[in-house]
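In: Need coordinates for the below:
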Amino acid sequence: MDTAALAEEKRALRAEIRKRERALDAGRKAEGDASICRALAALPAFAAADVVLAFFGTAREIDTRPFLRRTLALGKTLCLPRCEEARALSLRVVRSLDGDLAPGAFGIPEPRPDCPALAPEEIGFAVIPCVSFDGDGNRLGQGGGYYDRLLPRLRCETACVCRAALVARRVPHGARDAKCSLYLTEAGVVLAPPPAK
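Out: Predicted coordinates:
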């Protein structure tokens, strides 16, 4: 499939998933998001990590604040992404959700420019956002390619999170679309690599 056709398929699926998301009950969304945060905090990879990368969810994404607070309460180093020029993400250390965040390029709370930066290779566990994913581990992002560029640089387990009602039957994908280690909804881990023998 050529690049233009792939981009169009992704745009159409994003529109469909966003329509589905707007129809979800607010109370159920909040309950599901809390379940996802608990499931993330229960993962062995999270327990083993000293440095955790996550994201501050938009109104359409998972509300990750309980997970972010849990990470800080456990004394782990928390990193959140900051949008930079050339569609790149810098990973910045956040010590407080109250004092270290400010509205960023897309109006999303993100670390202030004076928050210390870490290299992707220093991250011990990462939580990755998406619009949707499918049963083969193909992730549909917002369309900017930020995480497709970041994921190959991470050397840790990566957990992609999505509400169960927004999981797609099939996500169009190309060679540049990066995958995560495991995929999680409020029902728990729905896709993960087989255990090592």
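In: Next, the buried residues of stretch 97-117.
Out: 100-101, 104, 108-111, 115 (16 or more other Cβ atoms under 10 Å). For glycine as for every other residue, the C-beta is placed from the backbone atoms N, C-alpha and C.
In: for this protein, what are the low-confidence residue spans?
Out: The chain contains residues with pLDDT under 70 at 1, 194-197.
In: Tell me which stretches of it form helices.
Out: Secondary structure of the chain (DSSP state H): helices at 3-22, 26-41, 44-48, 65-73, 146-150.
In: got the buried residues of stretch 97-117 as TSV, with distance to Thr3 columns?
Out: Putting the buried residues of stretch 97-117 into TSV (distance: Cβ to Cβ, whole Å) gives the following:
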residue	distance to Thr3
Asp100	38
Leu101	35
Gly104	28
Ile108	27
Pro109	33
Glu110	29
Pro111	32
Cys115	35
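In: Now, those that are in strands?
Out: 101, 109-111 (DSSP state E).
In: Looking at the residues you listed, which is nearest Leu151?
Out: Leu151 has its nearest neighbour among these in Glu110, at 18.5 Å by Cβ to Cβ.
In: one step back: out of the buried residues of stretch 97-117, who's nearest Gly57?
Out: Set against Gly57, the nearest of the buried residues of stretch 97-117 by Cβ to Cβ is Ile108 (8.5 Å).
In: Tell me who's in contact with that closest one.
Out: Residues counted as contacts of Ile108 (Cβ atoms under 8 Å, 6 or more residues apart in numbering) are 56, 58.
In: how much space between it and Tyr146?
Out: Here Ile108 is placed at a distance of 12 Å from Tyr146 (Cβ to Cβ, to the nearest Å).
In: Find residues that contact each of those two.
Out: With Cβ under 8 Å, 6+ apart as the test, Ile108 and Tyr146 reach no residue in common.
In: End to end on stretch 178-189, go ahead and measure it.
Out: 19 Å (Cα to Cα, to the nearest Å).
In: What's the local residue count around Ala59?
Out: Residues within reach of Ala59, counting by other Cβ atoms under 10 Å, total 9.
In: Make 591 the first number, not 1, from now on.
Out: Okay, using 591 as the starting number, the last item reads as Ala649.
In: right, and Ala782 touches Ser771 too?
Out: Yes: counting by Cβ atoms under 8 Å, Ala782 touches Ser771, with 7.1 Å between them.
In: Between these two, which is the more surrounded one?
Out: Neighbours per residue, other Cβ under 10 Å: of Ala782 and Ser771, the larger number sits with Ser771, 19 against 15.
In: and Phe723, what is it in contact with?
Out: Counting by Cβ under 8 Å, 6+ apart, Phe723 has contacts 729-730, 750, 752, 757-758, 761, 773, 781.
In: Right, I'll call it a day here.
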